[in-house]
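Asker: Okay, here's the prediction I keep looking at, along with the sequence it came from:
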Amino acid sequence: MKVRVGIVGCGVVGTGVVELLLKNGDTIKKKTGIELVLTRVADRDWQKSRAFQVPYQLRTTDYREVIEQSDVVVELVGGKGFAFELIEETFQKGKPVVTANKHLLAEEGQELFRRAQERGVWIGFEASVGGGIPIIKAIRESLVANQIEAIYGILNGTTNYILTRMLEEGVDFERALGEAQEKGYAEADPSLDIDGWDSAHKITLLSFIAFGGFFRFSQVYVEGIREVDLLDVELGRELGYTLKLLAIAKRRGEELEVRVHPTFLPEEDPLAKVSDVFNAIMVQGDFVGKTMFYGRGAGAHPTASAVVSDLVDTARCLMHPANCRSRLDWQEKNLTLSDDFYSRYYLRFDVPDKPGILASISRVLADHQISIASVLQKEKVCKLAGREGEPVVPLVVLTHKAYERSMRRALEEIRALPVVLGKPVLIRVEEEAE
Ligand SMILES: NC(=O)c1ccc[n+]([C@@H]2O[C@H](COP(=O)([O-])OP(=O)(O)OC[C@H]3O[C@@H](n4cnc5c(N)ncnc54)[C@H](OP(=O)(O)O)[C@@H]3O)[C@@H](O)[C@H]2O)c1
């Protein structure tokens with residue numbers, strides 16, 4: 001069977017998809033019997049240099065030509081406004097779409113899935129999470145028999161690279177970010193990555209398909225790595241922890257916790273060992289237990305691999321519409337997004353080197369039903385602005401599990417204690433204990 005493929009947006013990923021289709025098209029045909037014929041590629045600028053030469057006869061600047069001359073349209077422009085209109089216009093023609101656009105799907109996914117369902121067309125989005133890692137298909141198909149209990153993901157390569165450099169080379173955040181930019185791992189404006197938004201888009205999308213819990217993206221708790229202090233990375237390591245930007249979605253009864261923040265993981269945890277730009281996702285199902293997926297989470301070639309796998313699935317859908325895969329708009333009606341979390345905590349206080357300080361801090365924690373698991377007091381003197389020359393030491397407290405709301409109230413009180421200098425540091429700890 002021949003399927004005509006058109007692409008709108010020929011940047012990093014679009015160019016990778018053109019290259020893959022032209023290089024591996026024959027192999028795909030041998031394996032599947034499906035011939036993916038590239039008919040048109042739209043971009044607004046054909047002068048800029050690309051990693052692969054797109055044949056002249058395929059090029060256009062008119063996206064409508066792509067829709068007209070294809071059986072399936074690949075949206076690779078990114079962003080929300082135009083991408084939404086393009087997908088909508090393609091659906092109106094009764095044609096399926098493949099996209100890698102996590103930003104759009106996290107924020108408008110429910111509406112787009114509903115429209116796809118309504119018009120009886122398919123939308124593939126394997127490349128939107130984890131680059132080349134086949135995580136969407138794994139959750140929707142291979143793990144379909146399970147009630148999904150939790151997903152933990154290192155979903156952003158840039159932040160993972162920065163935290164790896166901080167841990168392994170002892171460089172501070174600014175320097176590690178500069179290195180990531182030099183190597184082309186971070187954008188000139190890296191805020192989408194380092195402030196956690198990219199990971200949040202991806203965990204939102206995974207939550208939609210894993211838990212059937214549609215919610216507004218703005219409700220997701222997001223904290224990036226901009227404020228991470230090398231001192232905490234190092235103190236955490238002394239305690240046996242590795243710091244990661246973790247995206248978490250887990251079910252507690254009828255509530256769903258979805259959050260992104262720097263997280264300490266025990267160093268023996270498989271996710272703690274995922275370094276540099278690699279991504280990994282742990283999915284826990286009630287029957288399968290824990291499964292883990294690992295690979296390159298971005299880049300032209302890995303992402304193109306995921307886009308083209310969606311094209312093959314879409315072609316199968318076009319051949320046998322009745323057998324087209326599971327619904328996208330299923331929803332667990334009673335599931336609500338929780339506005340409180342339950343976690344262990346690493347707390348660091350900068351305090352004068354005097355006796356009795358721990359007693360006053362633990363009294364406040366006890367007042368809020370937060371119990372201490374262990375304490376680390378270093379002789380290492382911290383530098384604190386405005387307190388030069390005064391001996392200030394870090395006091396680290398590890399707690400047992402507690403509700404975040406109680407923890408925040410306790411921290412406000414502790415911060416007001418005259419012995420606590422500067423802003424306390426709070427980092428959540430994920431581990432199996434308790
Ligand atoms: N890069 C990755 O590794 C990666 C991984 C996973 C998912 N994704 C997702 O894949 C999508 C594409 O990412 P990318 O990295 O390939 O982006 P990109 O390099 O910026 O490519 C987007 C291309 O689309 C063009 N474009 C923008 N608006 C257009 C319009 N109205 N008509 C025609 N062309 C238009 C852009 O032109 P201008 O340059 O002139 O704006 C650019 O050439 C995004 O949704 C991204 O989140 C990317």
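Answerer: Thanks, I have it. Numbering: from 1, shown residues only.
Asker: Can you give me every residue that contacts residue 305?
Answerer: Contacts for residue 305 were tallied using Cβ atoms under 8 Å, 6 or more residues apart in numbering; they are 20, 132. To be clear about C-beta, it is placed using only N, CA and C from the backbone, and glycine gets the same treatment.
Asker: go again using 10 Å as the cut-off
Answerer: Residue 305 makes contact with 16-17, 20, 24, 126-127, 131-134, 295-296, 299, according to Cβ atoms under 10 Å, 6 or more residues apart in numbering.
Asker: Spell out which parts of the stretch 201-350 of the chain neighbour the ligand.
Answerer: When proximity is defined as Cβ under 6 Å from any ligand atom, the stretch 201-350 of the chain approaches the ligand at 298, 299, 303.
Asker: Parallel or antiparallel, which strands does the helix or strand of the chain with the lowest mean pLDDT pair with?
Answerer: Scoring the helices and strands of the chain by mean pLDDT, DSSP states H and E places strand 336-337 at the bottom, with a mean of 89. Sheet pairing for strand 336-337, assigned by DSSP bridges, gives strand 255-266 (parallel).
Asker: and the partner strand, C-alpha only, in PDB?
Answerer: Taking Å, rounded to 0.1, in the frame of the first residue of the first chain, the C-alpha atoms of strand 255-266 are listed here in PDB:
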ATOM      1  CA  GLU A 255      -6.300  11.600  43.400                       C
ATOM      2  CA  LEU A 256      -3.500  12.200  40.900                       C
ATOM      3  CA  GLU A 257      -0.300  13.900  41.800                       C
ATOM      4  CA  VAL A 258       1.400  15.500  38.900                       C
ATOM      5  CA  ARG A 259       4.600  17.500  39.500                       C
ATOM      6  CA  VAL A 260       8.000  18.400  38.200                       C
ATOM      7  CA  HIS A 261      10.900  19.400  40.500                       C
ATOM      8  CA  PRO A 262      14.500  18.700  41.500                       C
ATOM      9  CA  THR A 263      14.400  15.400  43.400                       C
ATOM     10  CA  PHE A 264      16.900  13.400  45.300                       C
ATOM     11  CA  LEU A 265      16.900   9.700  44.400                       C
ATOM     12  CA  PRO A 266      18.900   7.000  46.100                       C
END
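Asker: Can you point out the buried residues in stretch 60-68?
Answerer: Under the neighbour-count criterion of 16 or more other Cβ atoms under 10 Å, stretch 60-68 has 60, 63, 65, 66, 67 buried.
Asker: Just give me the neighbour total for the single nearest residue of the stretch 151-300 of the chain relative to the ligand.
Answerer: Here the stretch 151-300 of the chain gets closest to the ligand at one residue, residue 298, 3.4 Å apart by Cβ to the nearest ligand atom. A total of 21 residues lie near residue 298 under the criterion other Cβ atoms under 10 Å.
Asker: residue contacts, the closest residue to it other than its chain neighbours?
Answerer: The spatially closest residue to residue 298, leaving aside those adjacent along the chain, is residue 131, at 4.7 Å (Cβ to Cβ, 6 or more residues apart in numbering). By Cβ under 10 Å, 6+ apart, residue 131 lies in contact with 13, 100, 155, 157, 277-279, 295-306.
Asker: Give me the buried subset of the residues you listed.
Answerer: 13, 100, 155, 157, 277-279, 295-300, 302-306.
Asker: now residue 406: how far from the ligand?
Answerer: When distance is defined by Cβ to the nearest ligand atom, to the nearest Å, residue 406 is 37 Å away from the ligand.
Asker: How far does the helix or strand hosting that residue sit from its chain's centre?
Answerer: Taking DSSP states H and E as the definition, residue 406 sits inside helix 404-415. Remark: helix 404-415 is offset 28 Å from the chain centroid, using Cα atoms, centre = their mean, to the nearest Å.
Asker: Give the next helix or strand downstream of that helix.
Answerer: Using DSSP H and E, the helix or strand that follows helix 404-415 in sequence is strand 421-429.
Asker: tilt between that next one and strand 255-266?
Answerer: 100 degrees (axes from the mean of the first three to the mean of the last three Cα atoms, to 10 degrees).
Asker: packing partners for strand 421-429?
Answerer: With contacts taken as 3 or more Cβ pairs under 10 Å, 6 or more residues apart in numbering; DSSP states H and E, strand 421-429 sits against helix 230-238, strand 241-252, strand 255-266, strand 342-352, strand 392-399, helix 404-415.
Asker: redo that, cut-off 8 Å
Answerer: When contacts are defined as 3 or more Cβ pairs under 8 Å, 6 or more residues apart in numbering; DSSP states H and E, strand 421-429 sits against helix 230-238, strand 255-266, strand 342-352, helix 404-415.
Asker: Out of those, which is the most enclosed?
Answerer: Each of the helices and strands packed on strand 421-429 was scored by mean neighbour count; the highest is strand 255-266, a mean of 23, by mean count of other Cβ atoms under 10 Å.
Asker: got a list of contacts for the least confident helix or strand of the chain?
Answerer: Applying Cβ under 8 Å, 6+ apart, the contact partners of strand 336-337 are 213, 215, 219, 220, 254, 255, 256, 257, 258.
Asker: Distance from it to the middle of the chain?
Answerer: Strand 336-337 sits 19 Å away from the centroid of its parent chain (Cα atoms, centre = their mean).
Asker: Cool, thanks, talk later.
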